[in-house]
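Trainee: My questions are about this predicted structure, shown below with the sequence.
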Amino acid sequence: MANRETSSAYGQPADEYWAARRGVGLVDRRDWGVLELTGRDRATFLHALLSNEVKALAPGQGCAATLLDVHGKVQVVVSVWVADDRIFVVTPPSMAQKTAEALDHYLFSEKVAIRDVSDETALLVLAGPKARETAERMAGARPGEAAWAHVASKLGEVPVRLVTGGRETGEAEVWIAGPASEAARLWDALVAAGAQPIGRMAFESLRIEAGTPVLGRDVDESVLLPEIPFERLVSQTKGCYPGQEVVVRIRDRGHVNRMLVGLLLDGSDPPSDGAEVVADSAAIGRVTSSTWSFGLERPIALAFVRRQHAAAGSRIQVRVGERMLSASVSALPFVVEHRGERAPLPPISPTG
């Protein structure tokens, strides 16, 4: 099994990519964080802070959400899993402690205990059209169809929680949460069941094709929530939360000045993160992440560009050293050759 840092590739990246597109891949997520909230006020406490509905979720349900600052800027994107007597909050890599501290800052008289259980938890993800079938065959159960629905089960003798993912690869996903001490055993059992390990190179192609931003690269604390695809992160009917006024004001009476879009690049080499995007000799944005697309067989990227240039089909350029690469703006998700036919990948959440 891979170390805590996911391998660049376990074999041929193209083979790993197509395993996830046509069968089932296996992604190592042990670098992600997990917080456990207990106490009678846990749901109302989180509901008041996060951008999505938490209080109305029943055990076995979940959601993706974000914690914003008062200016509507993204501090962290999380998934929330509601269990019978606790709530799990899953964070991107290196964000568990910061998220726990941010939540604790708002904790006054509420009866809530926040515990970081990242080191106790192994997270693995099955991704692909056979992900749900594989999970059910191995664990005798499958979670509900809705994103972040979950069910407790066992994989062999190992207790696990099976969680429907947010389709950050553009495919069906099942997260498997189990004891960290059993990580290697779980990994080996899933590989033996036919899941193909997916390294970073193949995963980046899957992720960027699906238009999924990553915290720390595509999204940071300078980004307003409405600048990224955010529909699945927000409840439009819940009460106040930090940053809500900004989100609602932009929705109802304004617009953002830049947007996260896809770029289809000419040539053979993806640009570096931070590369300047240019139109009519003027800088209009920057690349946030890029990769070689195995589905499109060309470089693609995610980039922030000025709203005036964000329409699909707009021709722009990307500065790479002394060269200028021609490119066009693409709607997200990209359209790829998908199981034999050209079709858009399904819409996904910006979190995994």
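Mentor: Right, received. Where do you want to start? Residues are numbered from 1 along each chain as shown.

Trainee: so where's the stretch 101-250 of the chain shaky on pLDDT?
Mentor: In the predicted model of the stretch 101-250 of the chain, no residue satisfies pLDDT under 70.

Trainee: ok, which stretches of it are helices?
Mentor: Listed from the start of the chain, the stretch 101-250 of the chain has helices (DSSP state H, counting those that start in this stretch) covering 131-139, 183-192, 200-209, 244-253.

Trainee: Now render those as a markdown table, adding distance to Val151.
Mentor: All C-beta spots, glycine's among them, are computed from the backbone N, C-alpha and C. Listed next are these as a markdown table, based on distance: least, C-beta to C-beta, whole Å:
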| stretch | distance to Val151 |
| --- | --- |
| helix 131-139 | 9 |
| helix 183-192 | 16 |
| helix 200-209 | 25 |
| helix 244-253 | 32 |
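
Trainee: between those helices, which gets nearest to Ser8?
Mentor: With C-beta to C-beta as the measure, helix 200-209 is the member of those nearest Ser8 (5.1 Å).

Trainee: Output the contacting helices and strands for the closest one.
Mentor: helix 13-22, strand 282-293, strand 298-306 (3 or more C-beta pairs under 8 Å, 6 or more residues apart in numbering; DSSP states H and E).

Trainee: With mean pLDDT as new columns, can these be given to me in a markdown table?
Mentor: Converted to a markdown table, the helices and strands packed on helix 200-209 look like this (pLDDT from 0 to 100):
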| stretch | mean pLDDT |
| --- | --- |
| helix 13-22 | 96 |
| strand 282-293 | 97 |
| strand 298-306 | 97 |
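
Trainee: what's the burial count for Glu322?
Mentor: Look at Glu322: counted by other C-beta atoms under 10 Å, it has 5 neighbours.

Trainee: can you tell which of the helices and strands packed on helix 200-209 is closest to Gln317?
Mentor: Using C-beta to C-beta, the nearest of these to Gln317 is strand 282-293, at 9.6 Å.

Trainee: Name the helix or strand for Gly48, please.
Mentor: Slight slip there: residue 48 is Ala, not Gly. helix 42-49 (DSSP states H and E).

Trainee: Quick check: what element follows that helix along the chain?
Mentor: For helix 42-49, the following helix or strand on the C-terminal side (DSSP H and E) is strand 62-68.

Trainee: Tell me which residues are up against that following strand.
Mentor: Contacts to strand 62-68, defined as C-beta atoms under 8 Å, 6 or more residues apart in numbering, come from residues 49-54, 57, 74-82, 99, 102-103, 147-150, 163, 166, 225, 230, 232-234, 241-244, 246-247, 349-351.

Trainee: what is the rounded mean pLDDT of it?
Mentor: Averaging pLDDT along strand 62-68 yields 97.

Trainee: Please spell out which residues along that strand are buried.
Mentor: For strand 62-68, a neighbour-count test (16 or more other C-beta atoms under 10 Å) marks Gly62, Cys63, Ala64, Ala65, Thr66, Leu67, Leu68 as buried.

Trainee: Same list, the residues you listed, but as JSON lines with distance to Ala331 please.
Mentor: JSON lines is the format used below for the buried residues of strand 62-68 (distance: C-beta to C-beta, whole Å):
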{"residue": "Gly62", "distance to Ala331": "28"}
{"residue": "Cys63", "distance to Ala331": "25"}
{"residue": "Ala64", "distance to Ala331": "21"}
{"residue": "Ala65", "distance to Ala331": "24"}
{"residue": "Thr66", "distance to Ala331": "22"}
{"residue": "Leu67", "distance to Ala331": "28"}
{"residue": "Leu68", "distance to Ala331": "25"}
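
Trainee: Taking those residues together, which two end up most distant?
Mentor: Gly62 and Leu68 (19.3 Å).

Trainee: what's the nearest residue to Val318 if we skip its chain neighbours?
Mentor: Leaving aside its sequence neighbours, Val318 sits nearest to Leu325 (C-beta to C-beta, 6 or more residues apart in numbering; 4.6 Å).

Trainee: What does that neighbour show for phi and psi?
Mentor: phi -90, psi 130 (degrees, to the nearest 10).

Trainee: In strands, which of the contacts of strand 62-68 appear?
Mentor: Val74, Gln75, Val76, Val77, Val78, Ser79, Val80, Trp81, Val82, His150, Val163 (DSSP state E).
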